[in-house]
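**Student:** Make a model of this:
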Amino acid sequence: MSHRGFSHIGLSTLDLDKTRAFYEGVLGFKPVVADTITIQEGGHLRHMFFDVGGGQLIAFLEPNGVPDVPAKYDTGINRGLGVPAGFYHFAFDAASPAALAQKRHELRGKGVETTDIVDHGWARSIYFKDPNGISLEYCCIVGKLPDGEEMMLGQFTVPLGALELTDTLSKARSTGDRARLEVR
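**Tutor:** Numbering: from 1, shown residues only. Alright, predicted model coming up:
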C-alpha cells in the first residue's frame, strides 16, 4: 500500500467567517473551495477548504439550524474530551529553524499568543491556538530521525502543565532545568 499524505482534515467551527479570517488572514492559507450543504431535514452547513501546502487541505464545517446538532459546542476538541490541549493538535511544516522563528515572529506580530520555540532534539516547534480553540503547531525537523530500535528509546519528563501547550515546556527545555525536564 502506498501513501501520499492526507487529502484533507475536516474540523468544525461555529463561526466560519472568524475561522476564515484566521486561516487566510493570519496564517496565509488560501481558501480553495467553499460550498453550502443543504440538509433535507432542515438547516445547512457552510463548508470551506484551505490549502495548507503540499497539495493538502484543511476544511471547516459550520452548522446552521441542523436538527440534532447543538447550536453551541466546544470546537476545540480537547476540552470537550476532558484532555489537555496537546493531545489533539495539528502541526504545519515550517521547513527550517529560521522559517519557524519567522512564523513565531509573524504570529506574535498579528496578536497570536505562541509558545517560545521548543527544541525536541530531532525537531523544533511552536504551539498556538486558532479562534475555535484548536491546538496548532508549526514544526521543522532539524536532525536525523531516529531509526530501528533507537526510534523507540526517546524519553523525557515534563510537568503536566506543559501538555496545555504553554511556555512551561519551552522554558524547561531552553534552560535545561532538570527539575522540570529530564532527558534520558
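**Student:** Buried residues in the top helix by length along the chain, which are they?
**Tutor:** Longest helix in the chain by number of residues (criterion: DSSP state H): helix 97-109. The neighbour-count check on helix 97-109 (16 or more other C-beta atoms under 10 Å) flags 100, 103-104, 107 as buried. C-beta coordinates here come from the backbone N, C-alpha and C atoms, glycine included.
**Student:** which ones are touching the most centrally placed residue in the chain?
**Tutor:** Geometric centre of the chain, nearest residue: Leu136, 1.9 Å, by C-alpha atoms, centre = their mean. Going by C-beta atoms under 8 Å, 6 or more residues apart in numbering, Leu136 touches 89-92, 127-130.
**Student:** State the distance from it to Leu107.
**Tutor:** Look at Leu136 and Leu107: by C-beta to C-beta, to the nearest Å, they are 10 Å apart.
**Student:** Next, show the common contact partners of those two.
**Tutor:** Counting by C-beta under 8 Å, 6+ apart, the common neighbours of Leu136 and Leu107 are Phe128.
**Student:** would you say the residue nearest to the centre of the chain is within a strand?
**Tutor:** Yes: under DSSP: H, G, I helix; E, B strand; the rest coil, Leu136 sits within a strand.
**Student:** beta partners of it?
**Tutor:** Bridge pairing for Leu136 (DSSP bridges) gives the partners Phe90, Phe128.
**Student:** quick thing: my sequence starts at 55, can you match it?
**Tutor:** Got it, the first residue is 55 from now on, which makes the last one we talked about Leu190.
**Student:** out of the buried residues of helix 151-163, who's nearest Glu95?
**Tutor:** For those, the residue nearest Glu95 by C-beta to C-beta is Leu161; the value is 40.5 Å.
**Student:** what element comes up after the longest helix of the chain heading to the C-terminus?
**Tutor:** Next along the chain after helix 151-163, taking DSSP states H and E as the criterion, comes strand 172-173.
**Student:** Can you list the strands that that next one pairs with?
**Tutor:** Short version: by DSSP bridges, strand 172-173 pairs with strand 177-183 (antiparallel).
**Student:** between the partner strand and helix 151-163, how big is the angle?
**Tutor:** 10 degrees (axes from the mean of the first three to the mean of the last three C-alpha atoms, to 10 degrees).
**Student:** Would you mind listing where this structure has pLDDT under the threshold?
**Tutor:** 204-210, 212, 219-238 (pLDDT under 70).
**Student:** Val120 versus Pro138, what's the distance?
**Tutor:** 30 Å.
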